[in-house]
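In: What follows is a protein structure lacking sequence information:
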């Protein structure tokens, strides 16, 4: 057999390190049963800093089930949002959930420590979009959270989420897009630096772009936070902490969440956690006796159902009433908000907002909103579905006598 030439041996030896690296390559995101996957960039420290990434809805689907589907969804989020590069840049182990409803609990962190072979040090939690569901459960369970990042996840019980973030006591930052602006107003009482994105199109791209900055405690845009929320837990309504003021202002009339209505007490009166929204109310409501509001008395429910001239039957009357906004430059969501706002103010003006007829009207509105949300979800338009579901929740809570929800509707 002919001996190989020195040049051939040189080529062979040069190829060995590459082949060894290929053989020893660590999988990008290792399966983490029942939750998703995790990635270890090769941290040498005795304690591994951890980033828990709670993914949003996938293609409009709120719940992903099955081991394979959850793993595939987690790996998709890992790639789509640049979590590998964030982990490498920040020196973090990343645990990614595969469905927005999944939480990372205290026992999950202990299980991850066993897989890593070392303890977890600091813990950062980031939630995107529909991941607010998993965030709420995670904050209830985790013993320690060192940073919270909110990635346009202002859906559902936003005020409740703010209370949990406040109690975690960790630095908090993130962003919201224009379609979440109204809901973001309910996120009060947590010390968070939240930036306003320029358009709804940034809902996904801004995650990968900004997450490293937020994890480092920096603003993403280099201009500082657009809004810093009051950092006192005492600023929360009484429903959250059992302290501080528990009143809401409904267009200049103060309501106690737990008791009867009482009038505002002027400049020295009770502070309102909806203060500042009164300016959005139409002058016809803010100024009693103004003639610009066509209907001063709320008609009976049957008369309202008659709706526009075509006499739409019950079951679609709320949607039919939206047709009178035809020609206005409003999105379907904005039309719903405007109609609900007008209706809430009409009931407020009549003094019958706590009546059974009002509850029935709001429940019927919620039912139509839920049907519309289902249609959007089937069409894989997740953001639109979130909006409609959120409005439906508000309507049902208002129907049940929640004065805070009623105030939100009246402010649209």
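Out: Received the coordinates, thanks. Not measured: the values here are computed from a predicted model.

In: Next secondary structure after the helix or strand where residue 111 lies?
Out: In this structure, residue 111 is located in helix 106-116 according to DSSP states H and E. Per DSSP H and E, the first helix or strand lying C-terminal to helix 106-116 is strand 119-128.

In: That following strand pairs with which strands, parallel or anti?
Out: On the basis of DSSP bridges, the sheet neighbours of strand 119-128 come out as strand 47-54 (parallel), strand 147-151 (parallel).

In: For the stretch 51-200 of the chain, which segments count as helices?
Out: Under the criterion DSSP state H, counting those that start in this stretch, the stretch 51-200 of the chain contains helices at 67-80, 83-90, 106-116, 132-141, 158-168, 181-184.

In: I figured residue 400 was touching residue 356, is that so?
Out: No: at 11.8 Å, residue 400 does not count as touching residue 356 under the criterion of C-beta atoms under 8 Å. In short, each C-beta sits where N, CA and C put it, glycine included.

In: can you point me to the longest helix in the chain?
Out: As assigned by DSSP state H, the longest helix anywhere in the chain is helix 356-378.

In: Could you list every helix and strand in contact with it?
Out: Under the contact criterion of 3 or more C-beta pairs under 8 Å, 6 or more residues apart in numbering; DSSP states H and E, the helices and strands touching helix 356-378 comprise helix 301-306, helix 317-321, helix 332-350, helix 382-399.

In: of all those, which lies closest to residue 183?
Out: For the helices and strands packed on helix 356-378, proximity to residue 183 was assessed by C-beta to C-beta; helix 382-399 is nearest, at 6.6 Å.

In: Please work out which residues outside the closest one touch it.
Out: With contacts defined as C-beta atoms under 8 Å, 6 or more residues apart in numbering, helix 382-399 is touched by 56-57, 59-61, 129-130, 155-156, 179, 183, 200, 203, 332-333, 336-337, 340, 344, 358-363, 365-367, 369-370, 372-374, 376-377, 404-406, 408-409.

In: For the nearest residue to residue 78 once chain neighbours are set aside, give its distance to residue 75.
Out: Closest residue to residue 78 apart from its sequence neighbours, by C-beta to C-beta, 6 or more residues apart in numbering: residue 29 at 4.6 Å. Relative to residue 75, residue 29 is positioned 5 Å away (criterion: C-beta to C-beta, to the nearest Å).

In: Please apply the same query to residue 41.
Out: The span separating residue 41 from residue 75 equals 16 Å under the rule C-beta to C-beta.

In: Have a look at the two and say which one is more surrounded.
Out: A direct count of neighbours by other C-beta atoms under 10 Å for residue 41 and residue 75 places residue 75 higher, at 21 against 17.

In: thinking again about what came up before, return the most buried member of the helices and strands packed on helix 356-378.
Out: The densest packing among those, expressed as mean neighbour count by mean count of other C-beta atoms under 10 Å, is seen in helix 382-399 with a mean of 23.

In: on that earlier part again, what is in contact with residue 29 and residue 75 at once?
Out: 36, 37, 96.

In: Residue 147: which of those residues is nearest?
Out: Residue 147 lies nearest to residue 96 out of the shared contacts of residue 29 and residue 75, by C-beta to C-beta, at 16.6 Å.

In: pretty sure the closest one is touching residue 70, no?
Out: No: proximity of residue 96 to residue 70 does not meet the contact threshold set by C-beta under 8 Å, at 10.2 Å.

In: what residues are up against residue 365?
Out: Taking C-beta under 8 Å, 6+ apart, we find residue 365 in contact with 318, 340, 343, 392, 395.

In: Just put those in JSON lines and tack on pLDDT.
Out: Shown next, in JSON lines, are the contacts of residue 365 (pLDDT from 0 to 100):
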{"residue": "318", "pLDDT": "56"}
{"residue": "340", "pLDDT": "86"}
{"residue": "343", "pLDDT": "86"}
{"residue": "392", "pLDDT": "86"}
{"residue": "395", "pLDDT": "88"}
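
In: hmm, back to that, what touches both of residue 96 and residue 70?
Out: Contact criterion C-beta under 8 Å, 6+ apart; residues bridging residue 96 and residue 70 by contacting each: residue 36.

In: Please identify which of those two sits among more neighbours.
Out: A direct count of neighbours by other C-beta under 10 Å for residue 96 and residue 70 places residue 96 higher, at 28 against 22.

In: what separates the more buried one from residue 199, distance-wise?
Out: Taking C-beta to C-beta as the criterion, residue 96 is separated from residue 199 by 26 Å.

In: Could you do residue 359 as well?
Out: In this structure, residue 359 lies at 37 Å from residue 199, with C-beta to C-beta as the measure.

In: quick one on the thing from earlier: any buried residues in the helix holding residue 111, and which?
Out: By 16 or more other C-beta atoms under 10 Å, the buried positions in helix 106-116 come out as 108, 109, 112, 113, 116.

In: Can you pull out the low-pLDDT segments for the stretch 201-350 of the chain?
Out: Residue ranges of the stretch 201-350 of the chain with pLDDT under 70: 222-329.

In: Recalculate using a threshold of 80.
Out: Regions of the stretch 201-350 of the chain meeting the criterion pLDDT under 80 cover residues 221-334, 348-349.

In: circling back to that earlier point, turn the buried residues of helix 106-116 into JSON lines, including distance to residue 125 and pLDDT.
Out: Listed next are the buried residues of helix 106-116 as JSON lines, based on distance: C-beta to C-beta, whole Å; pLDDT from 0 to 100:
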{"residue": "108", "distance to residue 125": "12", "pLDDT": "96"}
{"residue": "109", "distance to residue 125": "11", "pLDDT": "96"}
{"residue": "112", "distance to residue 125": "14", "pLDDT": "96"}
{"residue": "113", "distance to residue 125": "17", "pLDDT": "94"}
{"residue": "116", "distance to residue 125": "18", "pLDDT": "93"}
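
In: can you redo these as CSV with distance to residue 219?
Out: As requested, the buried residues of helix 106-116 are arranged in CSV below (distance: C-beta to C-beta, whole Å):
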residue, distance to residue 219
108, 31
109, 29
112, 30
113, 32
116, 31
